[in-house]
Structures are given as C-alpha cells and as structure tokens.
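Engineer: 3D model of this:
(2 chains)
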Amino acid sequence: MIVGTDPAETFRQEAADLLAQLEGALLDLEAVPEDRSLVDQAFRALHTLKGSGAMFGWEALAAFTHHIESTFALVRNGELKVTRDLVSLTLAAADHIRVLLDRPESADHLRGEALLASFRDLTGAAGQSHQDASKPTAKSVAPSSERVFRIRFRPGRNVLAFGCNPLLLLGELRALGTCTVLPITDAVPTLEEMEPTDCLVAWDVLLTTSATRSALDEVFLFVADQSEVGISEIPLEDSSAAGRRLGEILVERGDVAPADIDEGLGRQERLGTLLVKSGKVSEDRIASALGEQRHLREANKARETTVSGATIRVPAERLDSLMDQVGELVIAQARLMQVAMADANPLLKSISEDIERLAAELRDTAMGIRMLPIGTLFGRFRRVVHDLSRELGKAVELTTAGEETELDKTVIECLNDPLVHLIRNAVDHGIEDAARRVAAGKPEGGRVHLSAVHSGAQVLITIEDDGHGLDRAAIRAKAEERGLLQPGQEVGDAELFACIFQAGFSTAAAVTNVSGRGVGMDVVKRTIDGLRGTIEVTSAIGEGTAITLKLPLTLAIIDGLLVRVGDERYVVPLSAVEECVELTRLEDSRSGGRSFLNIRGEIVAFIRLRRLFETPGEPEVIQKVVIVTLGETRIGLVVDQVIGQHQTVIKSLSRMHRDLDGFSGATILGDGAVALILDVPHLIKFARDREATVRTP
Amino acid sequence: MPLSSAIEAATGGRDALQVLTLGLADEIFAIATERVHEVLDVMPITRIPNSRPFIKGLINVRGKVITVTDLRTKFGMPPITCTPDTRIVVLEVRLGDQPTMVGALADRVYEVTEVAAAALEEVPRIGMRWRADFIQAIGKRGSDFIIIANIDQVFASEESALA
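Structural biologist: Numbering: from 1, shown residues only, chains lettered A, B, ... in the order given. Next comes the predicted model:
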C-alpha cells in the first residue's frame, strides 16, 4: 500500500522544519547578536516559509510572515540591531506562525495584529526607508564555493637538511578540506644508492576546499624556492557530466603523451596496466591518477547530494509497517531454518543460510532507518529553557552534548515529555536564584547540561544541573510521612532518591506555576519503565543533581539467547549475557543453603528459574547457568538447556500484564510457539523480594 | 414495556442483539458478535509464571501474541480443564482507552444467534452471585437464561466477579 503524498502535508512538515531552524537561529542570535550568518539563516527560513506558504494556500501565514521577513531584511542590511526584545518577539511570532500552520481556523487574529504592531514599533525608527523584502536585495543563497585543486609537490632533495618536514605541509593541506594524498616514489633509488638525508618522494594531492588559491600558495611559501610546486584547479562542472577518464588525467598532468594514450587504447586491455607494462609511465603515477579519478568522483557525488538533498521524507507509518514486515520475515526465516535443519537436503540448508544472512542485514538496515539523532529533540529544549529562565527570572543556560547519538524513533518520541519535565524540574527546583548562587560562591547564571552517549546496547541520557542538589533530609522526612520508609530504616541514596518518583511526592513548599503543570516524576518513571529503561539519580549538596536515563537502543528486535526450563522456553537478551557454564552436581547438591558459584575465583549468586517460575517436572541432570550482568554485579540464571542464539522480534504484552514483573515482552519462535523475554533487572529484583519474604517467617 | 437504559446500552437501541453464545460450566454466556473476532481450537498456550490465575498464558494468532484468559475464574467457578469441546474465543475489549485483542477460554461454543430486545431483562438486584457491573442484561431463551456479559468491565477489573 502506497500512501499518496499530500502536498499540503509536505508543506506542513517542511514548515515545521523551517520553524525549528528559525528558532535555533534566534536562540543562537541571542548569544551572539552580531553573527551575520545566523541572521541570514533566520531570514532564509522566513523567506522560504512565506514563499511556499503562499504557494500551498496558507495565505494568512504568508502575509504574517512577510512582515517578520521585512524586519529581518532590515537587520540584514544593518539598519536594525538584534536585541533581546527582537529575539523574544520573533520567537512569539514563530509560535503564532505555528498556530497559523496547524490550526489556521482557530488562529487569534488580534494576537497576530498585536505582534505585528510590536514589530512596527521596533522597526519604526529604522524602517523609514521601508523596502519590500520579497525582492531579495542580495543573492540569498551563497553559491557552493567548493573547488578541487590538483597539487603536485616535489620537495627539493635537500629540504630535510633545511629542517623542513614535508609531512607537516601535507597536514596543513588536509586541514583545508577533503584531501587525497598520493605518494610518487619513482625517484627513490635502491637501498644501496639511497642517501638517507635526501627527500626523494613527491606527492600528488587532490584537495576539495573552499579556501582560495592564495591560501594554498601560502602553505608552500617557505619551501617554494627549493621545491617544485604545481597547483592547478580542476573545474568540477565539465568533469561532472561523466567521470574523467584515466587517459585524460594523465595527459593533463603531462605524465604521458597523447600519442601513447591512443596507442594504449588501440589495444584492448586496461589502460593503466598497459602503460606501465610498456614502460611509458611508472606504476605510482598511474595509482596517483586513479586516486584523482576517485577523488573527483567523490567530490562530484558530494556536490550532487548537497544540491539534490541527501534525504527524503517518508511517513512514519511506512517505517512502522516496514519494521513489522521485517519482524514477520525474521520469524518466517526462523521457521525455514528449523525445517532446513531437520531435512538432509544440503541445497535447502544453503538457501536457508542465505536467507538468514539477508534477513539479518535487512533487519539492521530497517532498524538503521528508524534511528534518529537525539539532537532533533535537544533543539526543542533550548526553547523550553529560554522561556523558563525568563518566566522564573533565573539566568539559566542549557548546554548539550552528544546530539548525534542515535536512538529508535519511537523511543525519541516517548522521551519528549519526560525530558521536558526533568529539565523544568532542574531549572525550577534545582537551580537557586541569583542571590543564593552568589552567596554560595557560584556563578550567577545556572547551567543545565543535557548529554547523550552510547554505552553498549544502551543509550545514556543525562540531565545535570549545578544547583543546590537534592535535600536528603527533606526527602527522608516526606518518605516517612507517606510511609514509604520506616523511621530509622537504613537506606542508600539509590533507594532514597527512588522515592521522588512516587506519585504525588513533592518536597517543594509551594507549587509553582512551572512545577505544577505537565507530567509528574511518577509519569517520568512510568514512561522510562515502559521503554524498558532505568533511571539513576546522583546528587551532591551544593553541587547539583544528575539524573541519568538508561534506555535500550531499540524496541523492535533484539538478539536473544534461547533457553529451556522444563518444557518452557525463554529468551534472555543477549546484551545482558556474559557467559554460560555448567552447574556441576557438586555445586548443585551444595546449594541447599547457599546459591553461589565460583567463577574464576569470583563469587556469583544464582537464581533457579525453575523454582522462581514454579515450573513442573524434574530438572535436567546437568543444568546450565547463564551468567548475566546487571550493572556491576553478575548473577547466574539456572536453566535446563541453552538452546542458542535467537533473533528476537519483541511483541509487547497487553495492558492486562502491567502488574507482571520479570518479563519485558514475548516473541514468536520458529515453531510458532510463543516465548517470554526475560527482563533481567526486574526479574532479579523480583527474585530478591521473593527470597526476602520467604526468609521472614 | 419501556426498555431500561442498561438494555438499551446492550442492544445499541436495536430490536435485537446478535450474540455468540458460549458455555462456562453450567451457564450460558453471550457476547455481542461485533466484539468477537474468531473462534479457535485450543492450541499450546505459553504459561506466564507468577501471573494471576485468571491469565492462562499467551498464544500466537497469525503473528500476533494474544493473552488467553480463563473466564471461569473471573466468575468464581473452578478453573477450566481442557476437553475436545474447549475453544478459544478471540475478543476485542477496551482496556483503558485502547482496544485490545484477548482470548477467552470457553467450555464450549454454541452458536451465533439473535436475542430480541424484548426478551432481555435487567439484572435483578438480589439473587445474583456476580457483581452487577459484569453483566449487562439477562436474556431468556425457552427455559434457559442467557447471561449477557459486559466484557469491557470483566477484563478491566482486577477482582473476581463474585459480589
């Protein structure tokens, strides 16, 4: 099924992107008001919004945007300065444009008029010479200025003696752009004849750069006298039609005479091989020319992709159904493999193996498509912090790191609300007001740091503030009051801080406008649990609080280890598995009172899944232990048999199982049966709780 | 006879209610046909350790994992034992606000039939072992009573049906 693309919908998506760009540029402008490129970026976003808005029938939007664009035209011409007021006003205007975009019928015209009036006030002085911004005063899109240079650099024999290192020069070239460096060693004699202090190597360098010719000359300024330096530009336009031929390159470089090329081409062999064989040119020079061919091809490709746009838009539902189909394929492939293994036909086995490989690759590709950089989410939070810091009168700066960290699109979608809440909390509760900060010897402005980083099959997202930290005493008091902790009960930080995620738990004396709305910490916890993630809180009094969300990379398919307990099969996520060992009979018989294994001198506790799951039947004579890691600790899970690795398509369980502990979902096995997927952290917690209740009489 | 609001809710204002009738122990229950997706023979059910007795386990219905439940335990009857007549009725119920597919074990499935709205009666306030909100109406068919279950309520509730 192909969903027809609605042009209006395309515009809506495009406009949402443009608004995000505009917002980003505005927020940056607030920090560096004189940055011309940011002004240009904001102007371009407005200009495109207006233009395509009018084209797709969003007249009100286009008309409104026109006025904002005019204001920015003044800014571009230097007639108006970027001020905080202008930024705030434009942000408000961007919000209004968003309303005009999403719900044009419900847009408040008076609000639009009021905004425009404010803009007029602002431009009043400067806008005397009002000019129509729709006629661009300057070419608004800078032409791509990337050029390709061919540099032949043959340092003089004695440059080394003068203390010049040619490699440093090549390094400088590399810093200027995309560089292909090809050595030419045909002048290097045999070892006996070689003088070690002579520089005998020459280099051909292909450089794609936006730097000027004179910048290149400067690199060779100090060696130009002793060396042979040839710099020439290769025009990209004429080479973009078809790839340049090897012969052309060689002739242009003066390595081979045109007649030799014609002769070579007359014989039907690869030109390069031929020319080398006939001694017309050295192998190095051919390699160098071939390198140029490659470099040009890539430069052209890069240029094409920037011109045509390297991305396409795909409706999210299509990706979801693609993922579903890949999931079905993986299950069908598992069935095929089972049949193939039971059959003696070697041909069937080999086909089955091919399909297994293809299915795994397809799975990875499909999953890769669903991955989005988390930066798309971080961008929105700058606005949140900007608005909040104005609202609360606290100067707070949001810094981010790891925007390029990729996460499954579904995970990113679910993360917005929890992160907004955590950031609001950090700004509202975490960061003190300016007076208290100064008194505590901290800089007046607070800082919230948002970072994302990959760690194995998980992504860690940390929200860090430099505020006053969590008040352990207040949390403790509140927890005791609510009966979450017994008075005098010894608890660690982890357990104590876990209380803040309880519904309705707040130590704030007064509920402010900011903290009173949106989702609560309990909702944050529930969302993260729903994503099979965990939350860790660390805090130091006076220094700040860090909340780390640990999330799985994907929700769709994982690699699992299939195990058997009695007649039942379970999947252990492979990312948690460290190793599998046998449970020797000695260890088994000993374990009446204790359940420890000695793994290379380290004590590892184990849990009998058979007992925990109340599985009927007798255990296997030799049981196996799957050692899983949980943070720092290792724990063994005793099973009857380790069946093997299994591509696990995760099917989430219905809401009826929300009280269920220890399983994160189910999957369908090759024979069509359903198997449960163990949720290792929760399972271990469940086992511990159960042991605790068994011990207490 | 004016129809009560409960019966109107059950029939959706129509003259008759189309239902699937099924047997649980000695009782005949009825479920509106628009909620019934299909009726399956019993297949191997994957047990879920440490779950409530009402939940029997999971099955694979053409690539979808569906929870199978034992309605008998909900209605305070002894747990079901499988016989050649046992069937899994796949239903669509609303949990929270989401429609969810659920399998319900039945001792036997009778037929798809119509119960006239006039033959429906409100749940009597006394003489009922079950919680009133689990049952929409009681229908008469000959000498038998048919219990029209409010399946959304049955599945949403954590407790048993015993009042």
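
Engineer: Between the two ends of stretch A:429-444, what distance do you get?
Structural biologist: Start-to-end span of stretch A:429-444 (C-alpha to C-alpha, to the nearest Å) is 16 Å.

Engineer: hmm, I was thinking of stretch A:567-587
Structural biologist: Start-to-end span of stretch A:567-587 (C-alpha to C-alpha) is 24 Å.

Engineer: Tell me if it is near chain B.
Structural biologist: Yes - applying C-beta under 8 Å from any C-beta of the partner chain, one finds stretch A:567-587 touching chain B at A:Glu568. The way it works is simple: take the backbone N, C-alpha and C, and place the C-beta from them, glycine included.

Engineer: quick one: buried residues of that stretch?
Structural biologist: For stretch A:567-587, burial by neighbour count (16 or more other C-beta atoms under 10 Å in any protein chain shown) applies to A:568-577, A:580-581, A:583, A:587.

Engineer: Please tabulate those residues in CSV, including the columns secondary structure and pLDDT.
Structural biologist: Below are those laid out as CSV (DSSP: H, G, I helix; E, B strand; the rest coil; pLDDT from 0 to 100):
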residue, secondary structure, pLDDT
A:Glu568, strand, 92
A:Arg569, strand, 94
A:Tyr570, strand, 95
A:Val571, strand, 94
A:Val572, strand, 93
A:Pro573, strand, 88
A:Leu574, helix, 87
A:Ser575, helix, 80
A:Ala576, helix, 84
A:Val577, strand, 90
A:Cys580, strand, 92
A:Val581, strand, 91
A:Leu583, strand, 84
A:Glu587, helix, 71
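
Engineer: Taking those residues, tell me the two that lie furthest apart.
Structural biologist: The most widely separated members of these, counting by C-beta to C-beta, are A:Ser575 and A:Glu587 (26.3 Å).

Engineer: Only alpha carbons, please: show whichever strand or helix holds A:Glu495 as PDB.
Structural biologist: Using DSSP states H and E, A:Glu495 sits within helix A:493-498. Provided in PDB are the C-alpha atoms of helix A:493-498 (Å, rounded to 0.1, in the frame of the first residue of the first chain):
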ATOM      1  CA  ASP A 493      21.000   7.000  48.100                       C
ATOM      2  CA  ALA A 494      19.500   4.900  45.300                       C
ATOM      3  CA  GLU A 495      16.600   3.800  47.500                       C
ATOM      4  CA  LEU A 496      16.100   7.200  49.000                       C
ATOM      5  CA  PHE A 497      16.100   9.000  45.700                       C
ATOM      6  CA  ALA A 498      13.700   6.400  44.200                       C
END
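
Engineer: Give me the contacts around that helix.
Structural biologist: A:Leu470, A:Arg472, A:Ile475, A:Arg476, A:Ala479, A:Leu485, A:Glu536, A:Val537, A:Thr538, A:Ser539 (C-beta atoms under 8 Å, 6 or more residues apart in numbering or on different chains).

Engineer: among these, which are in strands?
Structural biologist: Among the contacts of helix A:493-498, the residues falling in strands (DSSP state E) are A:Glu536, A:Val537, A:Thr538, A:Ser539.

Engineer: Against chain B, how distant is the last one?
Structural biologist: With distances defined as C-beta to the nearest C-beta, to the nearest Å, the gap from A:Ser539 to chain B amounts to 35 Å.

Engineer: Could I get the contacting residues of the residue in chain B that chain A sits nearest to?
Structural biologist: Nearest residue of chain B to chain A, counting by C-beta to the nearest C-beta: B:Pro49, 3.5 Å away. By C-beta under 8 Å, 6+ apart, B:Pro49 lies in contact with A:Leu612, A:Phe613, A:Glu614, A:Thr615, A:Gly662.

Engineer: tell me the secondary structure for it?
Structural biologist: coil (DSSP: H, G, I helix; E, B strand; the rest coil).

Engineer: State the distance from it to A:Val565.
Structural biologist: Going from B:Pro49 to A:Val565 by C-beta to C-beta, to the nearest Å gives 9 Å.

Engineer: circling back: just the buried subset of the contacts of helix A:493-498, please.
Structural biologist: So, by 16+ other C-beta under 10 Å, the buried ones in those are A:Leu470, A:Ile475, A:Arg476, A:Ala479, A:Leu485, A:Glu536, A:Val537, A:Thr538, A:Ser539.

Engineer: from those, which single one is nearest A:Ala161?
Structural biologist: Distances from A:Ala161 to the buried ones among the contacts of helix A:493-498, taken by C-beta to C-beta, are shortest for A:Thr538, at 58.7 Å.

Engineer: Surely that closest one touches A:Ala546?
Structural biologist: Yes - using C-beta atoms under 8 Å, A:Thr538 is in contact with A:Ala546, at 5.0 Å.

Engineer: Tell me where chain B has helices.
Structural biologist: B:5-11, B:71-74, B:151-156 (DSSP state H).
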